[in-house]
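J.: Here is a sequence together with a model predicted from it:
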Amino acid sequence: MPRDRVSVALALLLGVGLLLRVYFTLVWRPAITGFSDSGIYFQGAVTSLWSSPGRTAGYSMFLRVLHAISPHLLLVVIVQHALGLLTAVLFFCAVRRCGGPRGLGLAPAAIIALGGDELFIEHAALSEALFIFLLSAMLYCAVRALDGGPGWAAVAGLCAGLGVWDRIASIAMIAVLAIWLTFSAGRPRRRTIVLGLVSLLVALASIGVYVEWRHASSGLNGLTTNGSWALYGRVAPWADCTKFTPPPGTRALCEATPPSRRGYRSTADYIFAGSPADRLLGPAYFISKVPDAMGKLQRWSEAAIIGEPLAYLHAVWLDTKRLVDPNDPSYGTYSANELIGFLLYGPDMHSGKNELVSYWQQKLYPNDPPAHRGDVGPLKRWERLTRMDGVWMAILLALCLAGPWLLRARARAGMVLFAATALVLLFFPILTTGYDFRYTIPAFGPLLAAGALASWGLVVKITRRPAPAPAGG
C-alpha cells in the first residue's frame, strides 16, 4: 500500500472517529454516569483522594486537574475523547516501527478510533480511558527504546507506573515491560538489560512517590488498604470449607452451607452484598476495624486455592470462555450487554438513576447544566457491531499464540510485546479478581496490534515460494 494511501486511511479513521465522538456528545451529555465507580471517583476529587481504600486515586487526581481548568464534567469527556484519538495514533506508530507493511498499524488504530466499546468507555467518568492512553504511550515508548535508548525506556516505565496510579491491577504491565525490554534481542545483552532496568526503576520510583504521598497525607500505607477483597471475591463463590482447612481466625469466612456449583453467584455478591467477609470485617469500601483484616482475607483465599485447585481452575475456565462469549454464565460479573446497561442506566439497568453518583456529581460539578439524554440506540447498535468477541476474539487469541513462530527479528519482538500485553490484560483479572467485560476493553488495542503482525507473518509464510533445488547431483 503506497505511503500516501496509508496516511489517507489513517486520517479517514480519525475523521470518522471524531464525528462519532461529536455525535455521542450531542446525543448524551455531559457524560455517562450510571456506573457506581464514577461516584467513588467524584468523591475522591471532592473530599480526600484516599477516601476509597480499595483502589488507587489516579483518576480522581485527573478529575481534580481538569476541574481546576474548568469545573464542568463535559471537559472530562472532551479530554478523554481527545486522548482516545491520540491513542489510535500511538498504536499506529508503534506497529509501524515494528516493520512490515505500514498499513498493519491501521488495525489497532481502527478498534480504538471506531470501536463502540472504546467510545462508551471514553464517554464515561471511569478510569479506563486514561489507562488505555497510558498503556498506548508505554507500548510506543517501549518500541522506540529499541533504537532510542534508555530515555525512551524511562518514559515507558513512567507511563507504566502512572498506570498503577490509575488502576492497581496494571502493576502487571511493569513486569511485562521490563521483561520484554530485557529479552527484546532474543537473549539478554548488556544494552537490553540496561533498558529493562531503567524502565523497572522508573516505574517503581513513580509507585514509591504515590505510596509516600498517600502515607504523608493520610497515614495509610501501601497502594491500597483493602486489596485482599479482590482475591476473596475470586475465591468465595466456589470455596467449600469442608474441602480445605481455613487458617486460624478465618473460620467465620466460610458459608454456613457449601455453595452451589450451578448457581454461579458472582464475585460482586461476595464483595458488596452481605457476604461472610462483609459480616465479619465490615463493608469493602471501609477500612476494617478488625485487626489484620486483609491478612485474614488473603490467607483464607490462598488456602482455598491450594486446597481446591480444580475448583479454582474451573472458575478460571468459566471466565475464560466469556472472552469469546461474554454472556456465558460464570462466577464473573458484567457481560458486555450488562456493562453497557449499567453505564447508561444505573444499577437497575433501566431507570438511569444512581444516587451515589448523583450525590457526588452535584458536589463536584454544582454549576453543570441539566443532563441531556437523547436517543442512544444507534450508538448501542454500533457498539454491538464492533464488539470484540465470538469468532474474532478466538482468532486473535490464536494469532497471539502463533505469532512468535510466524515472524522474525523486529516484527517478532514487537508482536510478542503486544501479545503479552493483551494476554496479561485479559487473564490477570480472571486469575485474581474475576471476569468483567469492562476489564477486557483495554486489551483490544494490543490484541489487534499483535493480530495484525501475526497475520502478516502467516500470509508471508503461506505465499513464500520454496527455494529451487540446487542443480547437479
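T.: Received, thanks. Numbers count the residues shown, from 1 in each chain.
J.: so for the helix ranked longest in the chain, what's the average pLDDT?
T.: With secondary structure taken from DSSP state H, the chain has its longest helix at helix 190-218. If you average the pLDDT over helix 190-218, you get 97.
J.: Show me how far the helix or strand just after that helix is from its chain's centre.
T.: Using DSSP states H and E, the helix or strand that follows helix 190-218 in sequence is helix 228-235. Chain-centre distance of helix 228-235: 18 Å, with CA atoms, centre = their mean, to the nearest Å.
J.: Okay, strands next: where are they in the stretch 1-150 of the chain?
T.: Under the criterion DSSP state E, counting those that start in this stretch, the stretch 1-150 of the chain contains strands at 28-29.
J.: Sketch out the low-pLDDT regions of it for me.
T.: 1-3 (pLDDT under 70).
J.: Tell me how far residue 360 lies from residue 42.
T.: 4 Å (CB to CB, to the nearest Å). Any C-beta I mention is one placed from the backbone N, CA and C, and that applies to glycine too.
J.: Who has more neighbours out of these two?
T.: residue 42 (25 against 21; other CB atoms under 10 Å).
J.: State the distance from that one to residue 34.
T.: Distance, residue 42 to residue 34, using CB to CB: 13 Å.
J.: what's the answer for residue 376, then?
T.: 11 Å.
J.: just to revisit the earlier point, show me what the longest helix of the chain is packed against.
T.: Judged by 3 or more CB pairs under 8 Å, 6 or more residues apart in numbering; DSSP states H and E, helix 190-218 is in contact with helix 128-148, helix 150-166, helix 171-182.
J.: Now distance to residue 194 and mean neighbour count too, for those, in JSON lines please.
T.: Shown next, in JSON lines, are the helices and strands packed on helix 190-218 (distance: least, CB to CB, whole Å; neighbours: other CB atoms under 10 Å):
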{"stretch": "helix 128-148", "distance to residue 194": "10", "mean neighbour count": "24"}
{"stretch": "helix 150-166", "distance to residue 194": "6", "mean neighbour count": "24"}
{"stretch": "helix 171-182", "distance to residue 194": "9", "mean neighbour count": "22"}
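J.: Tabulate the ones you listed in JSON lines, adding columns for distance to residue 195.
T.: JSON lines is the format used below for the helices and strands packed on helix 190-218 (distance: least, CB to CB, whole Å):
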{"stretch": "helix 128-148", "distance to residue 195": "5"}
{"stretch": "helix 150-166", "distance to residue 195": "4"}
{"stretch": "helix 171-182", "distance to residue 195": "4"}
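J.: returning to that earlier point: which residues do residue 42 and residue 34 both contact?
T.: Counting by CB atoms under 8 Å, 6 or more residues apart in numbering, the residues touching both residue 42 and residue 34 are residue 357.
J.: which ones are touching residue 228?
T.: For residue 228, counting by CB under 8 Å, 6+ apart, the contacting residues are 294, 295, 297, 298, 301.
J.: and with 10 Å instead?
T.: For residue 228, the contact set (CB atoms under 10 Å, 6 or more residues apart in numbering) comprises 54, 277, 281, 284, 293-302.
J.: Distance check, residue 245 against residue 231.
T.: Applying CB to CB to residue 245 and residue 231 gives a distance of 18 Å.
J.: which of these two has more neighbours?
T.: residue 231 (22 against 11).
J.: isn't the more buried one right up against residue 433?
T.: Yes - applying CB atoms under 10 Å as the test, residue 231 and residue 433 come out as touching, 7.4 Å apart.
J.: Mind listing the shared neighbours of those two?
T.: residue 267.
J.: hang on, the earlier thing: are any of the contacts of residue 228 buried, and if so which?
T.: 54, 277, 281, 284, 293, 294, 296, 297, 298, 299, 300, 301 (16 or more other CB atoms under 10 Å).
J.: Overlap of the contact sets of residue 376 and residue 34?
T.: Contacts common to residue 376 and residue 34, judged by CB under 10 Å, 6+ apart, are 340, 344, 345.
J.: what about the last one, how many neighbours?
T.: What that stands for is residue 345. 18.
J.: And the second one, by the same measure?
T.: Residue 344 has 22 neighbours, counted by other CB under 10 Å.
J.: mind giving me the domain split of the chain?
T.: 3-156+339-462, 228-325 (automatic domain parsing).
J.: Would you enumerate the residues in contact with the nearest residue to residue 357 once chain neighbours are set aside?
T.: Once flanking residues are discounted, residue 357 sits nearest to residue 39: 3.9 Å by CB to CB, 6 or more residues apart in numbering. By CB under 10 Å, 6+ apart, the contact list for residue 39 reads 33, 125, 354, 355, 356, 357, 358, 359, 360, 361, 363, 364.
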